[in-house]
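In: Turn this into a model:
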Amino acid sequence: MKSYIICGTPRSGSTLLCDVLAATKAAGAPDSFFMRDVDPVWARAWDLPERSDLSDAAYGAAYLAAAIKAGSGQTGVFGLRLMRENLGDVARMIGAVYPGLASDRARLRAAFGEVLFVHLSRADKLAQAVSLIKAEQSGLWHIGPDGSEAERLSPPQKPRYDFARIRAVVAELQALDAAWLHWFAAQGIAPLRISYDSLAADPVAEVARICAALGVVEPVAASLRPGVAKLADAVSTDWMRQYRLDLAAQG
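Out: Model prediction:
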């Protein structure tokens, strides 16, 4: 089994990347199968097992099998989107199924075979933080290329500028990216690196790099149409300008 894990942070472009990878019909159907508190709608769609009275090992084995089936999309390639905060949960689940392994990398290999690690990061942490906070406040997480709502998680609310919150989220995102880098080094992993800017500029080219690394057929550009578009707008620009002014004022 060929596998890859997109190692990202919130609002780093992972939805766009997953969307285009799935559209290739050759590189699986990556998604966040191991996020905490999976929405029941997604749990049913992915056929994830209920915990009931299963042992840790039995539940973990059933969960892994369901995730691999859903994330492969009948292509023979398993794709997973993994946020840094969920890494420990995944490692513990795999450890219950495959005990005695010495490292996270060994555990992931036991569960998913030889894994291609893709580190997706966004250099502009301020823009990333603003995007995350706006989504949390407004409830709108993604829009389609035509501007229509593609994913809404709560009723519409007007977003509100919050200097302290933005500053805290910038620091949190920086820490999460640093934690990925530390983990890669500790596990002896040299990931394929993709930046948010390069992905936004040419998603097909970045997906082609992943396909080449996996050894699967590279996509035909004309056949791939991303299903999501950028959410940044004038409000985003205003927030970033105001944040820089407030930050400078505080020294």
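In: Which parts of this protein are helices?
Out: Remark: helices assigned in the chain by DSSP state H are 14-23, 40-45, 56-72, 87-97, 104-112, 125-138, 163-187, 196-201, 203-214, 234-249.
In: just so I know, which of those helices lies nearest residue 33?
Out: helix 56-72 (3.9 Å; CB to CB). C-betas here are computed from N, CA, C, even on glycine.
In: Centre of the chain to that closest one, how far?
Out: Chain-centre distance of helix 56-72: 19 Å, with CA atoms, centre = their mean, to the nearest Å.
In: Scan the helices and strands of the chain for the one with the lowest mean pLDDT.
Out: strand 149-152 (a mean of 64; mean pLDDT, DSSP states H and E).
In: where does the chain have low pLDDT?
Out: Along the chain, segments meeting pLDDT under 70 span 142-144, 146-151, 153, 220-229.
In: Please indicate which of the helices of the chain has the most neighbours on average?
Out: helix 14-23 (a mean of 23; mean count of other CB atoms under 10 Å).
In: For it, enumerate the helices and strands it packs against.
Out: Packing partners of helix 14-23 (3 or more CB pairs under 8 Å, 6 or more residues apart in numbering; DSSP states H and E): strand 2-8, strand 77-83, helix 196-201, helix 203-214.
In: Out of the ones you listed, which is closest to residue 115?
Out: Proximity to residue 115 (CB to CB) singles out strand 2-8 among those, at 4.8 Å.
In: follow-up on the earlier one: CSV please, covering the helices and strands packed on helix 14-23 and showing distance to residue 137.
Out: Formatted as CSV, the helices and strands packed on helix 14-23 follow (distance: least, CB to CB, whole Å):
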stretch, distance to residue 137
strand 2-8, 21
strand 77-83, 20
helix 196-201, 21
helix 203-214, 27
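In: who wins for proximity to residue 117 among these?
Out: Across the helices and strands packed on helix 14-23, closest to residue 117 is strand 2-8 (CB to CB), at 5.6 Å.
In: Paired strands for that closest one, with orientation please.
Out: Strand 2-8 has its sheet partners listed here by DSSP bridges as strand 77-83 (parallel), strand 115-121 (parallel).
In: picking up where we left off before, any chance of the helices of the chain in TSV with distance to residue 30 as columns?
Out: Below are the helices of the chain laid out as TSV (distance: least, CB to CB, whole Å):
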stretch	distance to residue 30
helix 14-23	5
helix 40-45	13
helix 56-72	6
helix 87-97	14
helix 104-112	12
helix 125-138	20
helix 163-187	17
helix 196-201	14
helix 203-214	10
helix 234-249	26
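In: what's the closest of those helices to residue 152?
Out: helix 125-138 (8.6 Å).
In: Which strands or helices does the closest one pack on?
Out: Partner elements for helix 125-138 (3+ CB pairs under 8 Å, 6+ apart): helix 163-187, helix 234-249.
In: Same list, those helices, but as a markdown table with distance to residue 104 please.
Out: A markdown table is the format used below for those (distance: least, CB to CB, whole Å):
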| stretch | distance to residue 104 |
| --- | --- |
| helix 163-187 | 6 |
| helix 234-249 | 35 |
